[in-house]
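A.B. asks: Sequence first, predicted coordinates after that:
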Amino acid sequence: MSEKNLKLPNLNHCQIAGYTTSEATLRFTTGGTAVANFTVVYNRRWLVDGEWQSEPSFIPCVVWKDAAERAKEQVHKGTAVMVEGRIQSREWEKDGETRKTLEIVVSRLQVLERREESASAAGTARAEHAAAYDDVPY
């Protein structure tokens with residue numbers, strides 16, 4: 001079968017679970033639409049000669065409208081989340097240079113911490129995880 005006859009589905013969907021590296025930042029477009037940004041870190045782990053290896057990946061996420069305002073309330077540094085959405089590439093000019101990024105446009109954001117967990121216990125766990133990423137430049 002030649003490549004010209006190959007029919008690929010038009011699919012752009014991703015899911016990732018990890019921890020947020022900072023508070024969600026909320027802003028509004030000139031038209032008044034809410035938009036929030038945050039980054040999720042995912043740690044890929046594998047075993048080599050009986051020792052665990054780890055490689056973090058930092059995934060920028062963007063949330064729009066009412067979900068952006070909810071993200072601002074729920075997403076703090078070290079929050080465990082599951083993000084679902086589509087991957088979008090974007091570019092902009094800064095200081096005369098063209099910059100590019102890939103980000104997840106979030107369609108579903110789920111905070112993975114239990115609601116019945118006390119606020120102090122959740123804060124302690126979040127702080128312990130966040131301390132591991134204090135030197136992250138994001």
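C.D. replies: Sure, I can see it. Here the structure is a predicted model, which is why all the values come from computation and not from measurement. Numbers count the residues shown, from 1 in each chain.
A.B. asks: pLDDT weak spots in this structure?
C.D. replies: 1-3, 114-138 (pLDDT under 70).
A.B. asks: make it 80
C.D. replies: 1-6, 8, 113-138 (pLDDT under 80).
A.B. asks: ranges for the helices of it?
C.D. replies: Along the chain, the stretches classed as helices by DSSP state H are 65-74, 119-131.
A.B. asks: From Gly50, how far out is the residue sitting nearest the centre point of the chain?
C.D. replies: The centroid of the chain falls nearest to Val40 when counting by Cα atoms, centre = their mean (3.4 Å). Using Cβ to Cβ, to the nearest Å, Val40 is found at 29 Å from Gly50. C-betas here are computed from N, CA, C, even on glycine.
A.B. asks: cool, Glu73 as well?
C.D. replies: Going from Glu73 to Gly50 by Cβ to Cβ gives 43 Å.
A.B. asks: again, but for Gly85
C.D. replies: Using Cβ to Cβ, Gly85 is found at 37 Å from Gly50.
A.B. asks: Same drill for those two, tell me which one is more crowded.
C.D. replies: Neighbours were counted for Gly85 and for Gly50 using other Cβ atoms under 10 Å; Gly85 has more, 20 against 5.
A.B. asks: Was I right to think that one contacts Val106?
C.D. replies: Yes: using Cβ atoms under 8 Å, Gly85 is in contact with Val106, at 4.4 Å.
A.B. asks: All set, thanks.
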